[in-house]
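Student: coordinates only, sequence not included:
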């Protein structure tokens, strides 16, 4: 059972990136999936999450209107589209699974290796 985030990189302020979260060993839409991020010296922050079956989504206020979470069940992959990126979006981004949609990091499991997003000119 594993989740692997990818798609990070260096992008200029105002730019976009699409992060992917590929699942192996389980069916992605059987679980709620959350995106979290952690910047140096800061606590892990919930960014967005999506429920298992009915597609309910949540976004942190800091990313609302700029990030979009989506799921491709045929590829067993979750995406996070990042737009209008700012320097304070710089962090390592992780995905993880939970039984039900929520924003509490300790309720999530199968944390994979994160992907670095750096927003800088």
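Tutor: Happy to help now that I have it. Bear in mind that the values here come from a model prediction, so they are computed numbers and not experimental data.

Student: and residue 21, how many residues sit next to it?
Tutor: Neighbours of residue 21 under the rule other Cβ atoms under 10 Å: 27. Bear in mind the C-beta positions are built from the backbone N, C-alpha and C, glycine included.

Student: Can you list the buried residues in the helix or strand containing it?
Tutor: Assessed by DSSP states H and E, residue 21 sits inside strand 17-24. Across strand 17-24, burial judged by 16 or more other Cβ atoms under 10 Å covers 17, 19, 20, 21, 22, 23.

Student: That strand - which strands sit beside it in the sheet, and in what orientation?
Tutor: In the sheet, strand 17-24 lines up against strand 2-6 (antiparallel), strand 77-82 (antiparallel) (DSSP bridges).

Student: So which of the buried residues of strand 17-24 sits lowest on pLDDT?
Tutor: Ranked by pLDDT, these bottom out at residue 23 (92).

Student: That one and residue 3 touch, don't they?
Tutor: Yes. The criterion here is Cβ atoms under 8 Å, and residue 23 meets it with residue 3 at 5.6 Å.

Student: Brilliant, that's me finished.
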